[in-house]
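[1] heads up, no residue letters with this:
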């Protein structure tokens, strides 16, 4: 069931820890299903390990979910997930997602239910953590090219007063468009940057796995 909170005469949908647990489980399933595809993308412009790394990281999250108490708050799910990724994944995207989830979790500490506005704001700070740690900006053929549009879509949805289903669909679509847009880019970061124009025509694997993460979030809400 979807949680709601009432403020004055306005009733808002909210996220609870159960939704975030479901999100992480669906992410783990997606990375397992798509790890060969992600590895193929990475083989073209990177180290051919992105799929394996992301599968290992989210499988670690899934196994740790069992150890979280039933009373865990949304922040605790995010903090655990971020810690699991940082401790189990090599490469760049795992640790970057790890720091993003931990930053978002810290912002939401103490909350039992999380509004769209609060969640979007927390992910915005998570995005800022990614850009700080990875020193990456839009247009450099990285996960930021999918993550930033998705976060922006959530912020805009919150400002419009959209419901969560609309917001998560918009974020998923924005991430997907952002990932597609990496194909014609010249890479400016990571191993792909050594290829110059030879990286053109290939989507960034970190951006594509980011699409799977937001697709899982949309599905987690719809199936709640």
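    Great, that's in hand. Predicted, not measured: the structure shown is a model, and the values here were computed from it. Numbering: from 1, shown residues only.

[2] chain center to the strand or helix carrying residue 44: distance?
    Residue 44 is part of helix 17-45, with elements assigned from DSSP states H and E. Helix 17-45 sits 10 Å away from the centroid of its parent chain (CA atoms, centre = their mean, to the nearest Å).

[3] Show me what the next helix or strand after that helix is packed against.
    Heading C-terminal from helix 17-45, the first helix or strand you meet, by DSSP H and E, is helix 50-65. Using 3 or more CB pairs under 8 Å, 6 or more residues apart in numbering; DSSP states H and E as the contact test, the elements touching helix 50-65 are helix 17-45, helix 74-88, helix 93-107, helix 205-222. (Glycine included, C-beta is placed from N, CA and C.)

[4] Show me which positions of helix 50-65 end up buried.
    Under the neighbour-count criterion of 16 or more other CB atoms under 10 Å, helix 50-65 has 50-62, 64-65 buried.

[5] Pick the one among these closest to residue 83.
    When the buried residues of helix 50-65 are compared for distance to residue 83 (CB to CB), residue 64 wins out at 8.3 Å.

[6] And the closest one, how far from residue 79?
    Here residue 64 is placed at a distance of 11 Å from residue 79 (CB to CB, to the nearest Å).

[7] anything in contact with each of these two?
    With contacts defined as CB atoms under 8 Å, 6 or more residues apart in numbering, no residue is shared by residue 64 and residue 79.

[8] so who does residue 23 touch?
    Residues near residue 23 by CB under 8 Å, 6+ apart: 216, 217, 220.

[9] any idea how far it lies from residue 15?
    To residue 15, residue 23 is 9 Å away according to CB to CB.

[10] Residue 27 now?
    Distance, residue 27 to residue 15, using CB to CB: 15 Å.

[11] Please apply the same query to residue 201.
    Distance check for residue 201 against residue 15: by CB to CB, it reads 38 Å.

[12] More neighbours: these two, which one.
    Using other CB atoms under 10 Å, the more surrounded residue of residue 201 and residue 15 is residue 15, with 25 against 11.

[13] which residue packs closest to the more buried one, ignoring adjacent ones?
    Excluding the flanking residues, the one nearest residue 15 by CB to CB, 6 or more residues apart in numbering is residue 114, at 4.4 Å.

[14] Now do the contacts for that neighbour.
    When contacts are counted by CB under 8 Å, 6+ apart, residue 114 touches 14, 15, 16, 74, 108, 122.

[15] ok, the closest residue to the first one other than its chain neighbours to residue 211 distance?
    Counting by CB to CB, 6+ apart, the nearest residue to residue 14 once its immediate chain neighbours are dropped is residue 113, at 3.9 Å. Using CB to CB, we find residue 113 at a distance of 27 Å from residue 211.
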